[in-house]
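[1] fold the following.
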Amino acid sequence: MDIVLVKCECCGLKEECTEDYISEVKAKFDEKWLCGLCSEAVRDEVDKGKTQVDVEEALKAHMSFCSKFKSNPAVRVADGMRQMLRRRSGDLSSSPSSSSKKNYSRSKNTSQVGGASSYSLY
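    Presented below is the predicted three-dimensional model:
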């Protein structure tokens, strides 16, 4: 059993997998290899039930979604997990961008070099 490094055709995440596993995944997704998170997102899109969506349509939609982001694969995986968990919990009210705009600052009580009392990280 050979282990191969394979790259997700949606998000670009690289994983080490067996050739048999890669073949199984490709058979399910129009001969495209998807990482676990992207394959779950495509399955969720097919199964969500509002309208009948086939795997090919769901795959195109997810690939389009992934191509819109320029960050590294790890950030996209984290964002995808957040979105998937929100969908499953039914909480779609907060947007992904709103959670990344939190304002972090140091306490005014913290002693800092230079005499500044507060630094904003964002």
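[2] can I get the helix or strand containing Ser23 in CSV? Just the C-alpha atoms.
    Using DSSP states H and E, Ser23 sits within helix 19-28. Output in CSV follows, covering the C-alpha atoms of helix 19-28 (Å, rounded to 0.1, in the frame of the first residue of the first chain):
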residue,chain,number,x,y,z
GLU,A,19,-4.0,5.3,-3.5
ASP,A,20,-7.1,3.2,-2.8
TYR,A,21,-8.6,5.9,-0.6
ILE,A,22,-7.8,8.5,-3.3
SER,A,23,-9.6,6.4,-5.9
GLU,A,24,-12.7,6.0,-3.6
VAL,A,25,-13.0,9.8,-3.1
LYS,A,26,-12.5,10.6,-6.8
ALA,A,27,-15.2,8.1,-7.7
LYS,A,28,-17.7,10.0,-5.5
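[3] who touches that helix?
    Contacts of helix 19-28 with the rest of the structure, by C-beta atoms under 8 Å, 6 or more residues apart in numbering, involve 1-2, 4, 6, 17, 32-34, 39, 55. C-beta: built from backbone N, CA, C; applies to glycine.
[4] all strands of the protein, in order?
    Secondary structure of the chain (DSSP state E): strands at 3-7, 14-18.
[5] next, format those strands as CSV and append mean neighbour count.
    Converted to CSV, these look like this (neighbours: other C-beta atoms under 10 Å):
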stretch, mean neighbour count
strand 3-7, 13
strand 14-18, 13
